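**Q** Provided below are the primary sequence and the corresponding predicted coordinates.
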Amino acid sequence: MATEFQRRVWEALRLIPEGRVTSYGALAEYLGTRAVRAVGTAVGKNPYAPEVPCHRVVRADGRIGRYSGGEGVATKIALLKKEGVEVRDGKIVGFASKLYRFGDQQCTRPSGS
DNA sequence: AGCGTGACGAACT
DNA sequence: TAGTTCGCCACGC
């Protein structure tokens, strides 16, 4: 059984749009914790992969990081590539522009508050 | 109850 | 520029 913390992490993963990626650090920030280690551990224990897009979480430097499902990192890269995220030598191509930030509105809000 | 581990990150050398 | 060290907090033993 998962803990409250874990479920919160997995729920956050669902917010990541296709073709975009996020970092463990951004995820931790969204969760309100500095424990990126704990977040990583939580993501790795996600039992709903790849239904929950845990493969869209990469390291802060644009590297792939790790992956527990399928063929490991190879599967993670394949999934990302299918979504339009190119990976070169283990690193995300155009990482900065593909990095998703939680709460970042892509559409202008309908009418201010 | 305490200790070690871990899908990380930033600083230091 | 690359490799190493310390810090971080949740979880299992």
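**A** Happy to help now that I have it. Numbers count the residues shown, from 1 in each chain, chains lettered A, B, ... in the order given.
**Q** what about the residue in chain A that DNA strand C sits nearest to, distance to A:Arg7?
**A** Chain A approaches DNA strand C most closely through A:Ala35 (2.5 Å), counting by C-beta to the nearest atom of the strand. C-beta coordinates here come from the backbone N, C-alpha and C atoms, glycine included. A:Ala35 is 16 Å from A:Arg7, where distance means C-beta to C-beta, to the nearest Å.
**Q** now do A:Lys76
**A** Distance from A:Lys76 to A:Arg7, by C-beta to C-beta: 22 Å.
**Q** Please identify which of these two sits among more neighbours.
**A** Comparing A:Lys76 with A:Arg7 by neighbour count (other C-beta atoms under 10 Å), the higher total belongs to A:Lys76, at 25 against 12.
**Q** Find the nearest non-adjacent residue to A:Pro17, please.
**A** When the adjacent residues along the chain are set aside, A:Pro17 lies closest to A:Tyr100, with 6.5 Å between them (C-beta to C-beta, 6 or more residues apart in numbering).
**Q** What about that neighbour, how many residues nearby?
**A** Around A:Tyr100 there are 18 residues (other C-beta under 10 Å).
**Q** In this structure it contacts A:Thr22, no?
**A** Yes. In this structure, A:Tyr100 is within contact of A:Thr22 by C-beta atoms under 8 Å, at 4.6 Å.
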